[in-house]
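J.: can you look at this prediction? I've put the sequence above it.
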Amino acid sequence: MSRDLLTVVVAAFNEADALPALHPRIAAAFDALDGVDGRVLYVDDGSRDGTWAVLQGIANGDARVSLLRLSRNFGKEAALTAGLDRVAEGAALILDADGQDPPELIPQFVAKWREGFDDVHGTRTGREGEGWLRRFTAYGFYRVMGRLSKTPIPTDTGDFRLLSPRALAALRQLRERHRFMKGLFGWIGFEQASIPYQREARVAGRSKFNLWRLWNFALEGVTSFSTAPLRLATYLGVATALVAFAYGLWIVVKALLWGDRVAGWPTMMAVILFLGGVQLVALGMIGEYLGRLYEESKQRPLYLVDRWHPAAGDSSRTGPSVEERSHAYRASAVGGEGA
Ligand code: UDP
Ligand code: MG
């Protein structure tokens with residue numbers, strides 16, 4: 001019987017301090033697997049701190065490790081996409097480089113996969129080492145998203161998940177540029193299972209997501225998976241028009257009954273300012289969507305590859321990535337592929 005293959009995909013941006021601690025934990029988790037061969041694919045998302053050298057060291061000591069380096073920092077979502085595109089066979093499991101998603105849980109994920117689930121995701125029961133503001137905003141974000149989006153997005157669930165080969169194939173068909181991964185995972189559907197876990201503190205380094213970046217991330221999520229804000233503009237408009245109509249009627253009636261004594265400058269200013277504000281907000285919302293439409297229309301590749309080192313014993317298993325096939329795009333023409 002042929003053995004199943006599992007590739008752990010790790011996106012790393014300036015994680016030179018965290019990676020040496022992470023790899024042995026993944027390797028140990030692989031030893032606990034039964035009937036499944038483990039591989040690791042590290043994606044260096046344009047790090048500037050020696051992450052690449054650390055990764056090369058890891059790959060030299062372990063023939064199951066593949067390395068991919070992007071031409072610059074494209075962001076976590078693009079880096080994960082680049083990694084998943086290179087998993088030619090078997091299932092994939094996404095893990096953060098900083099040890100916040102414990103690799104010790106890998107056997108549990110695999111067990112669920114073997115039971116027949118296509119998307120096994122870790123659901124956080126607690127968050128260690130993160131401030132109250134971060135926890136509060138994360139809590140609010142998942143609840144608001146759940147309300148706004150028609151696609152089911154599991155609450156308190158990050159990118160820590162295992163995708164079966166067919167879920168992976170489905171995900172690869174989604175080539176949109178603004179990639180809100182949590183939503184994309186939900187969109188593909190299939191059988192889902194969740195594994196509760198305690199999110200640990202980072203082993204080293206700092207989070208790359210400050211509040212501003214998180215806000216932009218949330219905006220990405222809302223605009224990628226909901227058009228509710230656009231409709232909000234319509235409702236605001238209708239409500240304002242109704243109020244204005246009632247008020248207009250009242251002014252006419254008042255003038256007829258008591259005559260017009262040219263008063264009401266404050267009311268006028270208030271109405272003008274209010275309407276101006278509503279219109280600007282509505283324009284801004286349209287702008288958010290329009291801007292994203294513009295980005296999509298450019299049809300740029302999602303990332304560019306600088307270097308690709310397939311695992312030593314394994315090169316037959318990893319062909320050209322989906323990106324290269326679907327865009328007839330050659331990394332070698334840009335950065336030079338291979339060692
Ligand atoms: N990451 C990345 N590219 C980026 C930012 C982050 O590949 O531009 C990786 C990072 O190295 C880590 C994971 O994404 O493995 C999660 O990042 P981080 O721990 O900073 O986010 P948090 O856990 O605070 O949400
Ligand atoms: Mg983290």
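T.: Cool, the structure landed. Ligands and ions are numbered 1, 2, ... in the order given.
J.: average model confidence for stretch 123-138?
T.: What stretch 123-138 shows for mean pLDDT is 75.
J.: ok, Val40 - contacts?
T.: By CB atoms under 8 Å, 6 or more residues apart in numbering, Val40 lies in contact with 7-8, 10, 23, 26, 62, 64-66. All C-beta atoms are positioned from the backbone trio N, CA, C, and that covers glycine.
J.: nearest to ligand 2, out of these: which one, please.
T.: Minimum distance to ligand 2 across the contacts of Val40 is 11.7 Å, recorded for Val10 (CB to the ion).
J.: look at the residue most central in space within the chain and report its pLDDT.
T.: Nearest to the geometric centre of the chain sits Met181, at 3.4 Å (CA atoms, centre = their mean). With respect to pLDDT, Met181 scores 80.
J.: what residues of stretch 237-257 count as buried?
T.: By neighbour count with 16 or more other CB atoms under 10 Å, stretch 237-257 contains no buried residues.
J.: distance from it to the middle of the chain?
T.: 47 Å (CA atoms, centre = their mean, to the nearest Å).
J.: export only the CA atoms of it, formatted as PDB.
T.: What follows is stretch 237-257, C-alpha atoms only, in PDB (Å, rounded to 0.1, in the frame of the first residue of the first chain):
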ATOM      1  CA  GLY A 237     -29.500  57.100   1.300                       C
ATOM      2  CA  VAL A 238     -33.100  55.800   1.500                       C
ATOM      3  CA  ALA A 239     -33.300  56.600   5.200                       C
ATOM      4  CA  THR A 240     -31.900  60.100   4.700                       C
ATOM      5  CA  ALA A 241     -34.300  60.800   1.800                       C
ATOM      6  CA  LEU A 242     -37.300  59.700   3.800                       C
ATOM      7  CA  VAL A 243     -36.300  62.000   6.700                       C
ATOM      8  CA  ALA A 244     -35.600  64.800   4.300                       C
ATOM      9  CA  PHE A 245     -39.000  64.300   2.700                       C
ATOM     10  CA  ALA A 246     -40.800  64.400   6.000                       C
ATOM     11  CA  TYR A 247     -38.900  67.400   7.100                       C
ATOM     12  CA  GLY A 248     -39.700  69.200   3.700                       C
ATOM     13  CA  LEU A 249     -43.400  68.500   4.200                       C
ATOM     14  CA  TRP A 250     -43.200  69.900   7.700                       C
ATOM     15  CA  ILE A 251     -41.500  73.100   6.400                       C
ATOM     16  CA  VAL A 252     -44.200  73.600   3.800                       C
ATOM     17  CA  VAL A 253     -47.000  73.100   6.300                       C
ATOM     18  CA  LYS A 254     -45.400  75.400   8.800                       C
ATOM     19  CA  ALA A 255     -44.900  78.100   6.200                       C
ATOM     20  CA  LEU A 256     -48.500  77.800   5.100                       C
ATOM     21  CA  LEU A 257     -49.900  78.000   8.700                       C
END
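J.: list the contacts of that stretch.
T.: If you take CB under 8 Å, 6+ apart as the criterion, stretch 237-257 is touched by 271, 274-275, 278, 282.
J.: spell out which parts of the protein neighbour ligand 2.
T.: With the criterion set to CB under 5 Å from the ion, the chain comes near ligand 2 through 96, 98, 100.
J.: a markdown table for these, including pLDDT?
T.: Converted to a markdown table, the residues of the chain next to ligand 2 look like this (pLDDT from 0 to 100):
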| residue | pLDDT |
| --- | --- |
| Asp96 | 90 |
| Asp98 | 86 |
| Gln100 | 84 |
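J.: among these, which are in strands?
T.: Among the residues of the chain next to ligand 2, DSSP state E puts Asp96 in strands.
J.: assign Ile195 to helix, strand or coil.
T.: strand (DSSP: H, G, I helix; E, B strand; the rest coil).
J.: quick one: it from Phe180, how far?
T.: The gap separating Ile195 from Phe180 is 22 Å, by CB to CB, to the nearest Å.
J.: one more: Arg134?
T.: Taking CB to CB, one finds Arg134 at 19 Å from Phe180.
J.: can you check His23 too?
T.: 29 Å.
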